[in-house]
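1. My questions are about this predicted structure, shown below with the sequence.
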Amino acid sequence: MAPLNKVCIIGSGNWGSAIAKIVGANAACNANFDTTVKMWVFEEMVNGRKLTEIINKDHENVKYLPGHRLPENVLAVPDLVEASRDADILVFVIPHQFVGKVCDTIKGKIKADALGISLIKGVDEGPDGLKLISDVIQEKLGITMSVLMGANIANEVADEKFCETTIGCKNKNHGALLKELMQTTNFRVTVVEESDVVEICGALKNIVAVGAGFCDGLGFGDNTKAAVIRLGLMEMIAFARIFCTAGPVSSATFLESCGVADLITTCYGGRNRRVAEAFVKTGKSIEELEKEMLNGQKLQGPATAAEVNHILKHKNLIDKFPLFNAVYQICFQAHPVTEFISCLQNHPEHICYPARIDGGRAAPHLSHS
Ligand SMILES: NC(=O)c1ccc[n+]([C@@H]2O[C@H](COP(=O)([O-])OP(=O)(O)OC[C@H]3O[C@@H](n4cnc5c(N)ncnc54)[C@H](O)[C@@H]3O)[C@@H](O)[C@H]2O)c1
């Protein structure tokens, strides 16, 4: 009999805890996986008790996913090396700013043939521009990486409300195993090969959601939101076509849960939209609002906008991505929020056909203003 796959979840925030609920339940009843699922918890004191102690005794992450019982076979471990040492599958689900330190801590101390799957949304900058978080992990740890991204707001997933998700994985056998680990009746998994496109969608949609939040804060309605989503999607596709050079970038991938579905849910329901709306209504800074509104959770949209801006500047491509650029300038360069509306009004999509950011691949316009 093949040895059982041991699973370790690296991270225990809102999404990490929701996914631990699924992975724990699946591992408990699937012969391919060891029953115990270790979850690395960044230790902190909550109401005078250690968070790991609370999770292991009460089976609830009271800080990041209150009100949800975690399976008893999910074991919270405060020591990262101990949690990950013997794992065959490593699920990375931490805010992207902590990836470097986490990888440096476990480098050379995990199984060389472990499989990694990243649920992390964000991008990094490499010497030549864009660097995917999965590539950062792969390079630092030398393990094969896949990704999981989709329209998956953690609290709704934990509530077992139906949704879909996408695994990007280049190896069919690995994809099938990861699907077994993740899928439930209410969390349906599709596996696609274009893992870099899946991952880039997960990062970029948070920038668009900040723009959606600006429009909400300014009192615009659903029609405007739909325009933000459409123009944002056009920029996401254009960005992927420039930067995902390892293989094909097919339109079909943007129709998976990781693409248009995640973009819609994030522009209506996510924390990036919520904080951006408050940014407009209160006049407070993004950092202040992150502290006030998110109870230790981290915001990804503004940070991703800054990273993408550096990458685009480096390639002299800023003008091709006005929506991404406007979000950056409003968050970091004190530009007025109303500039976001001017950006929509003057978007290359509305100005002239040759300037279309997708190079004219989408349906051609019949008339131009
Ligand atoms: N929450 C969602 O709905 C959702 C859905 C899909 C994907 N994601 C992505 O999943 C990733 C993780 O998000 P989340 O929602 O689980 O986290 P979170 O924002 O809820 O929580 C922050 C986490 O960071 C940890 N942390 C704080 N300081 C740290 C440090 N110095 N080193 C390491 N860890 C530290 C905290 O313990 C906590 O576990 C992000 O990339 C996010 O974009 C989130």
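-> Yep, that arrived.
2. And stretch 87-99, end to end?
-> 18 Å (CA to CA, to the nearest Å).
3. how far out from the middle of the chain is it?
-> Computed by CA atoms, centre = their mean, to the nearest Å, the chain-centroid distance of stretch 87-99 equals 12 Å.
4. now check that stretch, is it near the ligand?
-> Yes - counting by CB under 6 Å from any ligand atom, the ligand is contacted by stretch 87-99 at 93, 94, 95, 96, 98. In this view, the C-beta of every residue, glycine as well, is placed from N, C-alpha and C.
5. hang on, isn't the second one packed against residue 9?
-> So that's residue 94. No - distance between residue 94 and residue 9: 9.9 Å, which falls outside the contact criterion (CB atoms under 8 Å).
6. out of those two, which sits in the busier spot?
-> residue 9 (29 against 23; other CB atoms under 10 Å).
7. before we move on, the earlier item: spell out which residues are contacts of both of residue 94 and residue 9.
-> Common neighbours of residue 94 and residue 9 (criterion: CB atoms under 8 Å, 6 or more residues apart in numbering): residue 16.
8. Can you give the strand pairings for the helix or strand hosting residue 39, parallel or anti for each?
-> Applying DSSP states H and E as the criterion places residue 39 in strand 33-40. Counting by DSSP bridges, the strands paired with strand 33-40 are strand 5-10 (parallel), strand 74-77 (parallel).
9. which helices and strands does the very next helix or strand once past that strand pack with?
-> Sequence order places strand 45-46 as the next helix or strand after strand 33-40, per DSSP H and E. Applying 3 or more CB pairs under 8 Å, 6 or more residues apart in numbering; DSSP states H and E, we find strand 45-46 packed against no helix or strand.
10. any idea of the mean pLDDT in strand 45-46?
-> The average pLDDT for strand 45-46 rounds to 97.
11. For residue 149, give the beta-bridge partners.
-> If you apply DSSP bridges, the partners that residue 149 bridges to are residue 166.
12. which SS class is residue 87?
-> Of the three states, residue 87 takes coil under DSSP: H, G, I helix; E, B strand; the rest coil.
13. Redo the strands paired with strand 33-40 as TSV? Include mean pLDDT and distance to residue 32.
-> Below are the strands paired with strand 33-40 laid out as TSV (pLDDT from 0 to 100; distance: least, CB to CB, whole Å):
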stretch	mean pLDDT	distance to residue 32
strand 5-10	98	6
strand 74-77	98	17
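14. Which among these is found nearest to residue 148?
-> strand 5-10 (12.1 Å; CB to CB).
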